[in-house]
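J.: Structure of the sequence below:
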Amino acid sequence: MTYQEKKSIVSIMSAILIFVLYCLFMYPRYPGEGAEASEVFHYWGTFVLYLTLFSIVAHIIISIIFNIVIRITTKEKEPGFADELDKLIDLKAFRNSFFVFVIGFILAMGSLVFYQPSHVMFIILISSGFISDVIGSVTRLYHYRRGV
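T.: Residues are numbered from 1 along each chain as shown. Coordinates of the predicted model:
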């Protein structure tokens, strides 16, 4: 298994782990029924902002730990350059990830058009962000294994 395949697998697992742990942490803090709109929007704003920050920091830490473990166990270094294949795979992964997020964004805005509660929009947006992250990593793994 190549370095890029291992990195993609770790990225998939870490995205799922980060998202699930964060949702389990934030779920009990939901204001609940009868809460004022300002409290609900504050909750969702906090949810999205902290998820973004937490996710970035956690991905950086996991990436550093991954590189250290790979270096110790296999003596393999992170490739210092990206060739045309790596760039093409990254572009395809970005395209798929972006497509999933845009579809999720359109669905989230559509939920407002059909008079759904505001929390539905936030759940769709957050879920599409998570799914787009996973789809990008899965696409990367697929193309490194199967080719372009």
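J.: Can you give me the distance of Arg95 to Ser128?
T.: To Ser128, Arg95 is 15 Å away according to C-beta to C-beta, to the nearest Å. To be clear about C-beta, it is placed using only N, CA and C from the backbone, and glycine gets the same treatment.
J.: Can you pick out the residue with more neighbours from the two?
T.: Ser128 (20 against 12; other C-beta atoms under 10 Å).
J.: any idea which helix or strand carries the spatially most central residue of the chain?
T.: The chain has Asp133 as the residue nearest its centroid, 3.4 Å off, counting by C-alpha atoms, centre = their mean. Taking DSSP states H and E as the definition, Asp133 sits inside helix 118-146.
J.: Report all helices and strands that that helix contacts.
T.: For helix 118-146, the packing partners by 3 or more C-beta pairs under 8 Å, 6 or more residues apart in numbering; DSSP states H and E come out as helix 3-26, helix 37-74, helix 84-113.
J.: quick check, distance from that helix to the centre of its chain.
T.: Centroid separation for helix 118-146 versus its chain: 6 Å, with C-alpha atoms, centre = their mean, to the nearest Å.
J.: swap in stretch 24-33?
T.: Computed by C-alpha atoms, centre = their mean, the chain-centroid distance of stretch 24-33 equals 21 Å.
J.: Over to stretch 31-43?
T.: 26 Å.
J.: ok, now stretch 105-122?
T.: With C-alpha atoms, centre = their mean, you get 20 Å for stretch 105-122.
J.: Give me the distance between the two termini of it.
T.: Start and end residues of stretch 105-122 are separated by 10 Å (C-alpha to C-alpha, to the nearest Å).
J.: Name the surrounding residues that touch that stretch.
T.: With contacts defined as C-beta atoms under 8 Å, 6 or more residues apart in numbering, stretch 105-122 is touched by 37, 40-41, 44, 47-48, 124-125, 128.
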